[in-house]
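A.B. asks: Sequence unavailable; structure follows:
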């Protein structure tokens, strides 16, 4: 199977020696393809595990020396194991015809020998790498791991027709990437912060297990994380706990523009994945889940490398998009994704802090005592001032006002000192807020509605959205502007008003607002050029 195309196969597909029957194609997972099916010849699979040094031939009653992890090198011993496996497989088939209850007992016995989890869920997934230089890195990594938060590997064998086949558990769930994408499509917003803390704890626990066994993941991102779909019975009995599992160990990072954003700066510079780069990827993934967007706009590897090589902190923090996030949770996320691997928190500290936060249930500002929130908000404001992000500093101090309340002493003094620091910036910040409220926010809502119509195959302009032109005595008077002109008028006004403001008094938000207004204007013009004929957005009336 090639990486860039799906090899056409007829289903159901039976593997060599009838070891498994694959009856469903799940999809491509670069550089392989994944199928779902069931183990058929379980003695045959056990025999291959014995030859690979993963199971004791004594289970078959064979006096062959066994050292775990040491492959059977003697060809005669390997033939003996496979012959015995074939004999036991024949017994299973005979019993299925004459004594079904005995056949069921034998099947349970052999599935238990492979992995007890197969008794609850006999369905397996098989990742087919093909014959061309299959990389066994994922198999070698998963062999050493056994944790509820890591996708369970059952076996790996070479099929004469398909090449390397990795058997692993058929986890009932969806990738985080799928969940996030669906939330975007349904306009549900980012995941709840409590859910993100829950996911973060589980991921940190699973990653800790891997690191304790000297295994680096190297490509931790939403596409490699699965979240369990609870069964109806689980929901009914209140057992739905949202189990999270990591897959994709040892798989080379994806080169897509989105995938690059999860790589640590040292990986972009050609470095190999390390424990520290795994922590960066964990922090970045939690940032993306909380913010509901990527940290940077899509860009080339070289452009992203240039941005991340800067000694400046990341320009965006979670509270820029989720003001309600508890500062301590945000601090853990930001410490995990520090650009400098020497300053980046080690995984044990990340796990400890996430566990404490999850136990305390303090995920948002509303969850924490008011006094501690005030202190944390003031720290956040001081950080924004240090970064010359005066818009966010003013915004944070405005939120802090309600929490400082009647506070006395150090907290109140600190609050008032910070207010004085941003006083020269407040007028410019308020002006920017007015531009956003009067011009940019209304256009955002209108463009969202237009794109929704376009996505549903409906005309982007209704009759009430069209302007009205009055024609009389050769003159044309616009009685009502069209929705398109209304949008362009707002974007033009926004760009004009923003141009009069001093960006130094506001910070990076000034540039972002200009970029936003410009992109609104460009998007509207592009959509109209493609979908609206000239003059079609106006109705002409005569007097």
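C.D. replies: In hand now; what should we look at? Remember, it's a predicted structure, so these values are computed and weren't measured experimentally.

A.B. asks: what about the strands in this protein?
C.D. replies: Secondary structure of the chain, counting by DSSP state E: strands at 13-14, 20-29, 32-39, 123-130, 153-159, 163-169, 173-175, 225-228, 244-246, 467-472, 475-480, 538-542.

A.B. asks: What strands flank the third one, and is each parallel or antiparallel?
C.D. replies: When you say that, I think you mean strand 32-39. Strand 32-39 has its sheet partners listed here by DSSP bridges as strand 20-29 (antiparallel), strand 123-130 (antiparallel).

A.B. asks: Pick the most deeply packed of these.
C.D. replies: strand 123-130 (a mean of 22; mean count of other CB atoms under 10 Å). No exception for glycine: its C-beta is placed from N, CA and C like everyone else's.

A.B. asks: So what touches that strand?
C.D. replies: By CB atoms under 8 Å, 6 or more residues apart in numbering, the residues outside strand 123-130 that reach it are 1-2, 7, 15, 20, 22, 26, 29, 31-39, 118, 135, 138, 154, 159, 162-171.

A.B. asks: for the protein, longest helix please?
C.D. replies: helix 409-435 (DSSP state H).

A.B. asks: right, so of the strands of the chain, which gets closest to residue 523?
C.D. replies: Closest approach to residue 523 among the strands of the chain is made by strand 467-472 (19.8 Å; CB to CB).

A.B. asks: ok so, going back, with residue 500 as the reference, name the closest of the strands paired with strand 32-39.
C.D. replies: Closest approach to residue 500 among the strands paired with strand 32-39 is made by strand 20-29 (51.9 Å; CB to CB).

A.B. asks: Quickly list what residue 468 is bridged to.
C.D. replies: residue 480, residue 539.

A.B. asks: Quick one: residues contacting it.
C.D. replies: By CB under 8 Å, 6+ apart, the contact set of residue 468 is 478, 479, 480, 538, 539, 541.

A.B. asks: try 10 Å
C.D. replies: By CB atoms under 10 Å, 6 or more residues apart in numbering, residue 468 lies in contact with 477, 478, 479, 480, 481, 482, 538, 539, 540, 541.

A.B. asks: Hmm, residue 470 and the second one touching each other?
C.D. replies: Yes. If you go by CB atoms under 10 Å, residue 478 and residue 470 touch, sitting 7.8 Å apart.

A.B. asks: Around residue 85, how many other residues sit close by?
C.D. replies: By other CB atoms under 10 Å, 25 other residues sit near residue 85.

A.B. asks: Could you measure from it over to residue 502?
C.D. replies: Distance check for residue 85 against residue 502: by CB to CB, to the nearest Å, it reads 79 Å.

A.B. asks: Residue 425 too?
C.D. replies: Taking CB to CB, one finds residue 425 at 9 Å from residue 502.

A.B. asks: neighbour count winner among the two?
C.D. replies: Set side by side, residue 425 and residue 502 show more neighbours around residue 425, with 20 against 11, by other CB under 10 Å.

A.B. asks: before we move on, the earlier item: buried ones among the contacts of strand 123-130?
C.D. replies: Using 16 or more other CB atoms under 10 Å as the burial test, the contacts of strand 123-130 include 1, 15, 20, 22, 29, 31-35, 37, 39, 118, 138, 154, 159, 162-171 as buried.

A.B. asks: Show me which residues of stretch 324-344 are buried.
C.D. replies: Applying a neighbour-count criterion of 16+ other CB under 10 Å, one finds 325-339, 341, 344 buried in stretch 324-344.

A.B. asks: actually stretch 267-276, not the one I wrote
C.D. replies: Quick answer for stretch 267-276 (16+ other CB under 10 Å): 267, 268, 273, 274, 275, 276.

A.B. asks: Could I get the pLDDT score of the residue positioned nearest the centre of the chain?
C.D. replies: What sits nearest the mean C-alpha location of the chain, by CA atoms, centre = their mean, is residue 222, with 2.4 Å. At residue 222 the predicted local confidence, pLDDT, stands at 92.

A.B. asks: Contact partners for it?
C.D. replies: Contacts of residue 222 by CB under 10 Å, 6+ apart are 175-181, 199, 258, 262, 285, 288-289.

A.B. asks: number of nearby residues for residue 471?
C.D. replies: By other CB under 10 Å, the residues close to residue 471 number 12.

A.B. asks: Which parts of the stretch 301-450 of the chain are helices?
C.D. replies: Counting by DSSP state H, counting those that start in this stretch, the stretch 301-450 of the chain has these helices, from start to end: 301-309, 327-336, 347-360, 370-386, 390-404, 409-435, 441-455.

A.B. asks: Residue 55: which of these is closest?
C.D. replies: Nearest to residue 55 among the helices of the stretch 301-450 of the chain is helix 347-360; the distance by CB to CB comes to 32.4 Å.

A.B. asks: what residues are up against the spatially closest residue to residue 311 that is not a sequence neighbour?
C.D. replies: Among residues not flanking residue 311 along the chain, residue 339 sits closest, at 7.7 Å (CB to CB, 6 or more residues apart in numbering). The neighbours of residue 339, taking CB under 10 Å, 6+ apart as the test, are 264, 265, 266, 280, 307, 308, 309, 310, 311, 312, 313, 314.

A.B. asks: Next: residue 443.
C.D. replies: 486-491, 494, 516-517, 520-521, 523-524.

A.B. asks: Just the buried residues of those.
C.D. replies: Those of those that meet the buried threshold are 487, 488, 490, 491, 494, 516, 517, 520, 521, 523, 524, by 16+ other CB under 10 Å.
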